[in-house]
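> just a sequence and a predicted model for now, questions to come.
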Amino acid sequence: MLSLGFSLPVIYHEMATRLCVEDIGIGLGKSVVFGLIFSAVGCLRGFQTGQGPIAVGLSATRAVVSSIFLIIFADTVFAAAEFLFSK
């Protein structure tokens, strides 16, 4: 923001007026859930890996694709819950 020409007092004022404690809590909660999803899928796919470098490559690809899908799904659930409970 400083490189765009905004001063520190303006940046602080906007952050203080726009940012809520709930926003920080939601962000921290989502990061924990996403981390758990990523690590659980990585461990599961790691245990399912066969022998050889090709099997490792396939497992890594499957872990990434599965993690991306589940994180998108979890983010959708978070967004729906936030929409339903914000009213």
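Done, it's in.
> Ile68: neighbouring residues, count only.
13 (other CB atoms under 10 Å). (C-beta placed from N, C-alpha, C; glycine too.)
> can you tell me the element it falls in?
helix 53-85 (DSSP states H and E).
> go on, Glu22?
helix 21-47.
> list the buried residues of that helix.
Val33, Phe34, Ile37, Phe38, Val41, Gly42, Arg45 (16 or more other CB atoms under 10 Å).
> wait, what's in contact with the first one?
Pointing back at Val33 there. Val33 sits next to Ala74, Phe78 when contact means CB atoms under 8 Å, 6 or more residues apart in numbering.
> one more: the last one?
Applying CB under 8 Å, 6+ apart to Arg45 gives the contacts Ser59, Ala60, Arg62, Ala63, Ser66.
> now render these as TSV, adding neighbour count, distance to Glu82 and pLDDT.
Compiled in TSV, those are given as follows (neighbours: other CB atoms under 10 Å; distance: CB to CB, whole Å; pLDDT from 0 to 100):
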residue	neighbour count	distance to Glu82	pLDDT
Ser59	18	34	95
Ala60	14	32	95
Arg62	15	30	95
Ala63	19	28	96
Ser66	17	24	96
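> good, wrapping up.
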